[in-house]
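Chemist: sequence? don't have it. structure:
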C-alpha cells in the first residue's frame, strides 16, 4: 500500500509539472515564462502532497463528519440569511454579518460533527447494511481473548473465518502489557502479540484494525461495548465483568470457556481415559489432575505418578461448586 501511494504521489507531481509547462506551451504570450510556470507547478504539486501527508490520520469517517458539519452549518446560516432579519440595512454591513454567520455556523457544525464522528455508523469501514434481524458475522476481539490464544486454534481449524475486528486501543493496551515492568504481565503481553501475528498470517481469516479511538470514552470496556453496538458485532472476551456488562447492554458475547467445556468429552463412571497428574492430593496416596474442561480429577494410588500421564478408570463423579469432581483409580501408567 505504501509503495502504491508513493507511486501515485510521484505521478501526481509529474502531472503538475507537465500541466504547468503545457499551459505556457498553449498560450504564446506566456512562452517566455516556462521556467517560472514549471517552478509554480512543482511548488503546487509539493504543497498538495504535503497536505496529503499531513492528513494521513484523517479517516473516511472524519471526512464524512467534516462534510456533514459544514453542510449543516451552511444550512443553518442560510435559513437565518433568508429570514426577515436581513431585509433592511446597509448592504455592506449585511454582507459582513452574513459572512460572519456562515463562518461561525460552519465552524460550529464542523467541530460538533468531528467530536461525534464515531456516531456515524454508516461510514465505519467494513460495515454491511443489513436488516436488524440478520445476525452479524463480525467479531470484535478484546485483549483477554488475544492473550488467551485459543482463538488462534479455532481459526486454524476454520471454525472461525468471520471478519475479526481488533480496535487500535486494544492493540495499544496489549502493547502496554508487553512493556510492563511486571515479568508475568510482560510475558502475557508478548504472548498476545505472538498470537496476533499468527492470526495475521492465516490466509482464510480476515483481520481488520479499527483505527477509531472512540473519543470521550476513557474506559476500555466502555469503548468495546460502544464499538460492538456501533458495528453490530459479537464481542469475544474472557473478561467475565465485561461480558456481563455487554450482556446488559444487549451485545452478544462469545464465551471461549463455555465453548471448550461443551466440546470436552463427557466422562461417565467406568470410562477409561488419560490424564496428567500434576500434584499430590490431600489424602494419602492420592494425586490430582485436571480434565480439559477444568474439572478436577482425584486419582487413588496415583501419587507416585505425579508429573506423568496415566490411564485411569473413573470410579465416581460428584457435582461441585466449580462444576464436578471426578474420582478415579490408576488403570495403567503411560509415562
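Modeler: Received it, and whenever you're ready, just let me know what you need. Every value quoted in this text rests on a predicted model; they were computed, and no experiment measured them.
Chemist: check the offset of the helix or strand bottoming out on mean pLDDT in the chain from the chain's centre.
Modeler: Sorting the helices and strands of the chain by mean pLDDT, DSSP states H and E puts helix 256-263 at the bottom, at a mean of 72. In terms of CA atoms, centre = their mean, to the nearest Å, the centre of helix 256-263 is set 24 Å apart from its chain centre.
Chemist: buried residues, that helix. List them.
Modeler: residue 256 (16 or more other CB atoms under 10 Å). C-betas here are computed from N, CA, C, even on glycine.
Chemist: quickly run through the sheet partners of the next helix or strand along the chain from it, with directions.
Modeler: As assigned by DSSP states H and E, the chain's next helix or strand after helix 256-263 is strand 272-280. Note on strand 272-280: by DSSP bridges, its sheet partners are strand 287-290 (antiparallel), strand 309-320 (antiparallel).
Chemist: quick one: residue 165 is in a strand?
Modeler: Yes. Using DSSP: H, G, I helix; E, B strand; the rest coil, the secondary structure at residue 165 is a strand.
Chemist: show me where the chain has helices.
Modeler: For the chain, the helices defined by DSSP state H cover 2-26, 34-54, 60-81, 91-115, 143-148, 150-156, 168-178, 183-200, 220-231, 240-248, 256-263.
Chemist: circling back: what's the angle from the least confident helix or strand of the chain to helix 240-248?
Modeler: Interaxial angle of helix 256-263 relative to helix 240-248 (axes from the mean of the first three to the mean of the last three CA atoms, to 10 degrees): 90 degrees.
Chemist: check which helices and strands helix 256-263 is in contact with.
Modeler: Packing partners of helix 256-263 (3 or more CB pairs under 8 Å, 6 or more residues apart in numbering; DSSP states H and E): helix 150-156.
Chemist: which of the helices of the chain sits most buried?
Modeler: Highest mean neighbour count of the helices of the chain: helix 143-148, a mean of 22 (counted as mean count of other CB atoms under 10 Å).
Chemist: distance between that helix and the chain's centre?
Modeler: 13 Å.
Chemist: same deal with stretch 16-25?
Modeler: Per CA atoms, centre = their mean, the centroid offset for stretch 16-25 relative to its chain is 46 Å.
Chemist: contacts for it, please.
Modeler: 30-31, 33-34, 37-38, 40-42, 44-45, 48 (CB atoms under 8 Å, 6 or more residues apart in numbering).
Chemist: same check, this time on stretch 80-94
Modeler: Contacts of stretch 80-94 (CB under 8 Å, 6+ apart): 97-98, 101-102, 105.
Chemist: what do you get if the cut-off is 10 Å, keeping everything else the same?
Modeler: With CB atoms under 10 Å, 6 or more residues apart in numbering as the test, stretch 80-94 has contacts from 74, 95-98, 101-102, 105.
Chemist: same check, this time on stretch 273-291
Modeler: 261, 264-265, 267, 292, 295-314, 323-324, 326-328, 330-334.
Chemist: separate out the buried members of those.
Modeler: Among the contacts of stretch 273-291, the ones that count as buried (16+ other CB under 10 Å) are 267, 295-300, 302-303, 305-306, 310, 312, 314, 326-328, 330.
Chemist: let's see the distance spanning stretch 234-249 from one end to the other.
Modeler: End-to-end distance of stretch 234-249 (CA to CA, to the nearest Å): 12 Å.
Chemist: wait, I meant stretch 301-309
Modeler: Span of stretch 301-309 from end to end, CA to CA: 14 Å.
Chemist: roughly how far is that stretch from the heart of the chain?
Modeler: A distance of 45 Å separates the centroid of the chain from that of stretch 301-309, by CA atoms, centre = their mean.
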